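Enquirer: Test case, fold it:
(one chain, ligands or ions: 1)
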Amino acid sequence: VKIHLIAVGSELLTPFFRDTDSLYLTGRLNDLGLDVAAKIIVGDEIDNLRSAVRTSLAEADLVFVTGGLGPTGDDRTREAAAAVLGRPLILREDIVRTIEKRFLRLGRPMPSSNRKQAEVIEGAAVLANPAGTAPGQWVEIGKKTLVLLPGPPSELQAIFEAEVWPRLSSRRRACLARLVLKTTGKTESEVEDLIKDLYPKEEDRRLTILASPGQIELHLTASAADSPAQASAPLTALALELKKRLGPAIFSEDGADLEEVVGRRLRERKETIAVAESCTGGLLSRRLTRVPGSSATFREGFVTYSNPSKRKRLGVPAETLETYGAVSAETAAAMAEGVRRTARTDYGLAVTGIAGPSGGTADKPVGTVYTALSDEMKTSVERVVFLGDRERVQIQSTQKALDMLRLRLREKEDG
Ligand code: ATP
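Expert: Prediction:
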């Protein structure tokens, strides 16, 4: 099956908006063993729209058009598609009622311009939109299929899952299995060196390394003609070998992020944590509280950006700050111990560093970060110099701090 995706919207041709709908569609089509041959982004202008739809329908078997199904004058996808197919648009009163009801639930009358969203290409199947007003449309033209979907990602995804996925399942080319191993603490090239002889030679298997700040992911996929179990068997064997090579650097095998893994362990152990941050400005607290259920373990987080704040909130001695500086192993340790003491938690986790772009010195260049972890047994401190801009330094710092905690919990569990 040859597939084209057309993203409609003049805003997508500016530097301010990104076409993420096509990424979602591509991911889900790949899950069915289907590949996308081409993507096109086109503005709202009717001639360009018609020409994009005409070209894709001539070349591909399955064409998705996203966006331009709204109620306003510049929403022209329905009109353009109908014109290319030479079919009329039919106003469906039942869809008008559905849209009216949606507005009534919100306590408002339906503006008359929304009637346009009830226009359906003759012969199209209507794909109900549980998350918005414009329904999608599924049009079969001989052996070819044209699918119209609204642009807002929540609406596109809801319709895709409920209406499009089941219709496409019959065109599934193969059963696909996917496994993701997430690692931290090693660079991309370190990971690559450890695993490079394990890249599968078989056509139907793939191992890909994806790097983001502080995290290297290994994506394993395999396909098999008959059953998902047949596809996943070789992946399990490969994952086992990768785990042997990478050991404790792997923190997740089920898609979970580092904060989820750490949060889960803390909850299981019924232990609590408090956080003191300087250069990360609250990002560590944010990550820990992103996880549902974090209230069972997370007590409080301090953003102690200034020296007086570190003294007053955490009891970091003035002498420590004067002698060693705010960015030092001694201050990081005093922050972790101080926050653990004031919050009365099992763990105190702290970060202090120079996120940049200015503020670096010869012995503490930009990117120098100290992370500290304190519990009833001991206080440990680590120093790392991270590369990258301010945001990357901040992300990597929180990753390092969370990983210190993960490894400490692991150590305790291993006895
Ligand atoms: P609506 O009925 O809400 O007007 P629509 O189908 O007309 O939906 P558009 O008007 O084209 O969709 O876009 C509405 C919003 O959806 C855009 O402002 C944008 O935020 C988002 N959107 C549209 N296309 C995409 C895309 N390809 N990727 C990500 N977001 C998109």
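
Enquirer: give me the residue from the stretch 151-300 of the chain nearest the ligand.
Expert: For the stretch 151-300 of the chain and the ligand, the shortest gap (CB to the nearest ligand atom) falls at Gly151, measuring 2.5 Å. Using the backbone N, CA and C atoms, a C-beta is placed for each residue, glycine as well.

Enquirer: tally of neighbours for that residue?
Expert: 24 (other CB atoms under 10 Å).

Enquirer: Which strands or helices does whichever strand or helix holds Ile195 pack on?
Expert: According to DSSP states H and E, Ile195 maps onto helix 188-195. In this structure, helix 188-195 packs against strand 205-212, strand 215-224, helix 228-246, with contacts taken as 3 or more CB pairs under 8 Å, 6 or more residues apart in numbering; DSSP states H and E.

Enquirer: Which positions within it qualify as buried?
Expert: Of all the residues in helix 188-195, those buried under the rule 16 or more other CB atoms under 10 Å are 191, 194-195.

Enquirer: CSV for these, including pLDDT?
Expert: As requested, the buried residues of helix 188-195 are arranged in CSV below (pLDDT from 0 to 100):
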residue, pLDDT
Val191, 96
Leu194, 96
Ile195, 96
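
Enquirer: Ile90 looks like it's in a strand, true?
Expert: Yes: assigned with DSSP: H, G, I helix; E, B strand; the rest coil, Ile90 falls within a strand.

Enquirer: OK, contacts around it?
Expert: Ile90 sits next to 119-122 when contact means CB atoms under 8 Å, 6 or more residues apart in numbering.

Enquirer: So what does Phe64 look like in phi/psi?
Expert: Main-chain dihedrals, Phe64, degrees, to the nearest 10: phi -100, psi 130.

Enquirer: so it touches Leu5, yeah?
Expert: Yes: Phe64 is in contact with Leu5 according to CB atoms under 8 Å; the separation is 4.9 Å.

Enquirer: Touching both of these two, which residues are there?
Expert: With CB under 8 Å, 6+ apart as the test, Phe64 and Leu5 both reach Leu25.

Enquirer: With adjacent residues omitted, what lies nearest to Gly151?
Expert: In space, and not counting its chain neighbours, Gly151 is closest to Gly67: 3.1 Å by CB to CB, 6 or more residues apart in numbering.

Enquirer: I figured Leu283 was touching Gln394, is that so?
Expert: Yes: if you go by CB under 8 Å, Leu283 and Gln394 touch, sitting 5.5 Å apart.

Enquirer: Looking at these two, which has the bigger crowd around it?
Expert: Shown here are Leu283 and Gln394; by other CB under 10 Å, Gln394 has more neighbours (25 against 19).

Enquirer: Report the mean confidence score over stretch 110-118.
Expert: For stretch 110-118, mean pLDDT rounds to 94.

Enquirer: Distance from the chain centre to it, please.
Expert: 34 Å (CA atoms, centre = their mean, to the nearest Å).
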